[in-house]
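*Asks:* coords please:
(chains A, B, C and D)
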Amino acid sequence: MTENNHGNKRMTLREAVSAYIKDGASITFGGFIGRDCVAAVHEIIRQGIKDLTVIDDSKTDIMDLLVGAGCVRRWEGAYLGYGAIGLANNVRRAVEQGIPATLEVEDWSNAGISMRFLAGGLNLPFMATRSMLGTDIIKYNERIKVVDDPYGGSQVALVPAARPEVAVIHVQRADVLGNAQVWGFTGNDENKARAARHTIITCEEIVPTEQIRRQGNMTLIPFYCVDAVVQVPYGCYPQSCYGFYSYDVMFCGDYHEMSKTREGFLKWLDEYVHGCRDHNEYCAKVGWERLQALSHLEKQFNRI
Amino acid sequence: MTENNHGNKRMTLREAVSAYIKDGASITFGGFIGRDCVAAVHEIIRQGIKDLTVIDDSKTDIMDLLVGAGCVRRWEGAYLGYGAIGLANNVRRAVEQGIPATLEVEDWSNAGISMRFLAGGLNLPFMATRSMLGTDIIKYNERIKVVDDPYGGSQVALVPAARPEVAVIHVQRADVLGNAQVWGFTGNDENKARAARHTIITCEEIVPTEQIRRQGNMTLIPFYCVDAVVQVPYGCYPQSCYGFYSYDVMFCGDYHEMSKTREGFLKWLDEYVHGCRDHNEYCAKVGWERLQALSHLEKQFNRI
Amino acid sequence: MGTLEGVSLMKGSSELVKGKSYTASELMAITTAKEFKDWEVAFVGIGIPLVAGILAKRFHAPNLSIVYESGCIGPEKYRVDFNVGDSSAADEALCLTSEWHVFGDLQAGYYDIGVLGGAQIDRFGNLNTTAIYGEGDYKRPKVRLPGSGGGNDIGSSVGRVVIMMRLEKHRFVPRVDFLTTPGFLDGTPGARERAGLLGGGPVAVVTSKCVFRFHPETREMYLDTIYPGVEVDEIRQSVGWDLLVANELKVAEDPGEAELAALRAADPANLIMGGAAARQKLSGLDEFLELTLKYAGK
Amino acid sequence: MGTLEGVSLMKGSSELVKGKSYTASELMAITTAKEFKDWEVAFVGIGIPLVAGILAKRFHAPNLSIVYESGCIGPEKYRVDFNVGDSSAADEALCLTSEWHVFGDLQAGYYDIGVLGGAQIDRFGNLNTTAIYGEGDYKRPKVRLPGSGGGNDIGSSVGRVVIMMRLEKHRFVPRVDFLTTPGFLDGTPGARERAGLLGGGPVAVVTSKCVFRFHPETREMYLDTIYPGVEVDEIRQSVGWDLLVANELKVAEDPGEAELAALRAADPANLIMGGAAARQKLSGLDEFLELTLKYAGK
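*Replies:* Numbers count the residues shown, from 1 in each chain, chains lettered A, B, ... in the order given. Below is the predicted model of the structure:
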């Protein structure tokens, strides 16, 4: 479904976001908090993209940014929060008070939404699941259909394929053709890339195709699913990227503290997003030494 | 679904086959001609196991052996042959002349049967597919159900989950807990292991669990799907095993020549299966130098 | 305090239980740890449940494998995770795979035990993590909660569920506003099977004051074990229905010093267990990194 | 000869076309190679179709990616494969994955072209690889063929299909005994769409004497190109229906020396293209291994 399969797909982050993410688009992001697409989300905010429908599994941190910045109209997903105790601050303000705008929510479970991406990746209209049965999720979500098993077993729930217009996925390594290699957990990324009409790969390192060929088993997403390849080192910070850098628990704590008020959040946004021309400036503001310290920690545990 | 998840699952091939593969069982095999479970199939024949139902994708070579040896009653699968020109010799004799016994056949496409294993692995009753529509495969296979898409798209075919009693899968490396690592293509192995009630892993090398942990991304099959782990070097010969040894085109040609007659096949069977107490004796009969030459060739192309 | 809210299934607290050398969160973690058996596969979220799992591995269940919904199976736990997708969740894992495969394996019955929390629970162990309605409804609730995440899936399909919740009357309600995760549904015999659910449902609710279990026939929650120094009446008053009490009510033992020490060591910066105060005590990221490396022996 | 039957989509043959320096199999491979475009992704089976793909990569389509149903995407082809699951199918592949993912990607429309063979074909390009009934039926056929394999899936979903078949009257039949792989089904407008099929269907049938193509409206196969030295009548007589012929019938060119040389080099032991004679000429496995290494430059 990529319309561009001819050779070098390397772009800047600004070019890729501007080319593929339009106002009103549906979108999904790779990773699972770890390997979050932080750099791409900052660029979406900088470009002022509006009315997104985000279809996703659990995406607390980047959704809180996008919602606070007023980019999102609708959420189809499983989880937005920190533990069972509450939402992220911007998400909470949007849902409870309509600040900066009301967020439309459609509830799924993580397994349920995972099956939606699997169906989308396989180009099938639906998948069955044994989750969500007997609950109010099904009561309020009309797109989940409980059906009898035509082979005589117990009833199952059907969920429709997810087919977002764009997937953005951050990986450790990719080549300019779009072959994307992932170490650590893989989330739903293989299926998101396949289900989406366009896929943007951001990565820690662009490597020669010969290096991809040395470990073909690590290629989670083949080139033919990919439209754009962007090199963005530290593209997940303050989230972790397996084999590259660990989670910055203190920075995230500070963010959470700041975002408790709308004013605090807007100040944070001005400083770290609008105040940075690109991800490199953001890294500089965070401090390269801090990033190096997190890389050092990660490499004590995981190396690629 | 494994009933044995406590520690060391290492067995001899004789013990594993005898413990888990019973007369009348349904069974599937890993690999896709490459990474075929040749050693396990020889042991099944040596133990005289009967009336198997084999559920599989494309399994020409080992099916020809099993059918010729009289172990199989029924085939549910996609492909038994060498190119579009005909069947393997024993399969042909069984289907066309009932020698040594008639083989019951249920036709599927490779994508169709792949979806059956995916459904089985996910413990779902069925999967949809856009294959086989409009053809005589569906006309003669009553278990394929063509249904309207409840979400308003075009019709699709449903296929029921495959849930074989046993899966036998040959891999490059495993630990004694059953964590099985695969390099090269992976076929439907991840889903076969999950769908089966019992899974036997045969492998080139049993390695310490610490070595598994160094490359967790290569673990295709986690320990909890596995009942038995058997170390069988050259366990796929004369088929290939990525990173270990290449295909022996000459040996396979000789087999095909011998198996043109029932007498020739029985002679081959006596020499290479019944005449060998175990896989080591078979390797000795083939010749260790020949095996080394194939390893040498493979390592010029692929190393693990 | 931001960080803690950001990492815990339940808010931790540094406040000691009256007259004791441990906090309620610590006692809950240690009580939950006992629910894991050796050689089991556990689907465990982040926060106190994870610390309980680590603790079990250090003591009676060294071969427990912990699974994270992001796709990490059986990591060695040298460092605590703040998200299920942290790189730490993958440290030396036995298998690194996909989210959908892990949920498939859950649905296929490969996982023995899961640990869940919630904002509301009813007497049949049904959980609400979606919305508190107040004067409103699902579309306009008083409080919008995070949603199911993997909670519904675990409650639907895992072998048995252990629930961790602070004992408060507004949480233990006759009927949850929104049924996110199935317990025993309406409690009628075979209710889960009729709905198509495969897992065994809840077996225990570990709270800040006691442990509830479920009657094998009526599926109703009853008081099974109280913590030292807690009165039954206090518990009755914290539950929004007429609570059943076991004929032979058990009293939990105080946790041992070794368990408390292991628990505290596994959370070296005290960010999971320590509540609001812990993060403010840290001088900064460097101290956190040092504590992490030191505990891991690196 | 065993090996050859074991490796070829079609039996190769060493017999030269009358008055020419190439065999019919070689001309078919070279003709098929021209169907691939640069930068395409091709779902190609083993045998002559693969050699055609390799040839295309050496000449006009260097960025063609070849996909194998076992799960190998975009290998570098230094050696021929005898099975789609040979370790050679994975040599330096861009992506090594699962069979079901590759079929999913096929179904999702990511693959541009596929090459198929069959025992029978009808005028609408429907293929039979399951059974020749003779006096019998599906359950008791005269000849049981291998079955669909991935053929049905490719015919159902790939962008366009090229079919390779030896031109013989018992193969080009009015109606296939068993419809394994869909062409244009009954040929009525929208027949594929009504059935739920997504791929474009067949675009060419490359035979040992000519190339057929399909009328864009009637979907009927017509004679588009004949090979040098072949008469139209000879082709009419080899087809079991009243054959349509293009108004401007094309004549294929003789393959160039460079193409023939590249073709032969890509199959160094001649086991794919050479037919029955080739294997008997080899002194043994060692010679095969030497030829393989030499061609790969190792």
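*Asks:* and A:A193, what does it touch?
*Replies:* Residues near A:A193 by Cβ atoms under 8 Å, 6 or more residues apart in numbering or on different chains: A:G30, A:G121, A:A167, A:I169, A:A180, A:T199, A:I201, A:L220, A:I221, A:C225, A:V226. Heads up, the C-betas are built off the backbone N, CA and C, glycines and all.
*Asks:* same thing but at 7 Å, please
*Replies:* A:A167, A:I169, A:T199, A:I221, A:C225, A:V226 (Cβ atoms under 7 Å, 6 or more residues apart in numbering or on different chains).
*Asks:* Neighbour-wise, which one of those residues leads?
*Replies:* A:A167 (34 neighbours; other Cβ atoms under 10 Å in any protein chain shown).
*Asks:* Just the contacts of A:A193: which are in strands?
*Replies:* Secondary structure from DSSP state E places A:A167, A:I169, A:T199, A:I221 of those in strands.
*Asks:* Was I right to think the last one contacts A:D175?
*Replies:* Okay, so that is A:I221. No - using Cβ atoms under 7 Å as the test, A:I221 is too far from A:D175 to be in contact (11.4 Å).
*Asks:* pLDDT and distance to A:D23 for the ones in strands among the contacts of A:A193 - can I get that in TSV?
*Replies:* Compiled in TSV, these are given as follows (pLDDT from 0 to 100; distance: Cβ to Cβ, whole Å):
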residue	pLDDT	distance to A:D23
A:A167	98	18
A:I169	98	21
A:T199	98	19
A:I221	98	26
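*Asks:* Which one of the residues you listed is nearest to chain B?
*Replies:* Taking Cβ to the nearest Cβ as the measure, chain B lies nearest A:I221 of the ones in strands among the contacts of A:A193, at 14.0 Å.
*Asks:* Check the spacing between that closest one and A:E190 real quick.
*Replies:* 6 Å (Cβ to Cβ, to the nearest Å).
*Asks:* Report the buried residues of stretch C:135-147.
*Replies:* Counting neighbours by 16 or more other Cβ atoms under 10 Å in any protein chain shown, one finds that the buried residues in stretch C:135-147 are C:Y138, C:P141, C:V143, C:R144, C:L145, C:P146, C:G147.
*Asks:* how about these, which pair is most distant?
*Replies:* Maximum pairwise distance in these, criterion Cβ to Cβ, is 14.6 Å, between C:Y138 and C:P146.
*Asks:* Low-confidence stretches in the stretch 1-150 of chain C?
*Replies:* The stretch 1-150 of chain C contains residues with pLDDT under 70 at C:1-13.
*Asks:* Just the closest residue of it to chain A, please.
*Replies:* Counting by Cβ to the nearest Cβ, the stretch 1-150 of chain C gets nearest chain A through C:P146, at 2.5 Å.
*Asks:* now stretch A:163-173: how far from the chain's centre is it?
*Replies:* Taking Cα atoms, centre = their mean, to the nearest Å, one finds stretch A:163-173 lying 7 Å from the centre of the chain it belongs to.
*Asks:* for stretch C:135-144, that is, sorry about that
*Replies:* Distance, centroid of stretch C:135-144 to centroid of chain: 25 Å (Cα atoms, centre = their mean).
*Asks:* quick one: contacts of that stretch?
*Replies:* The list of residues contacting stretch C:135-144 from outside it, by Cβ under 7 Å, 6+ apart, reads A:L87, A:R92, A:V95, A:E96, A:Y140, C:A131, C:I132, C:Y133, C:G134, C:F178.
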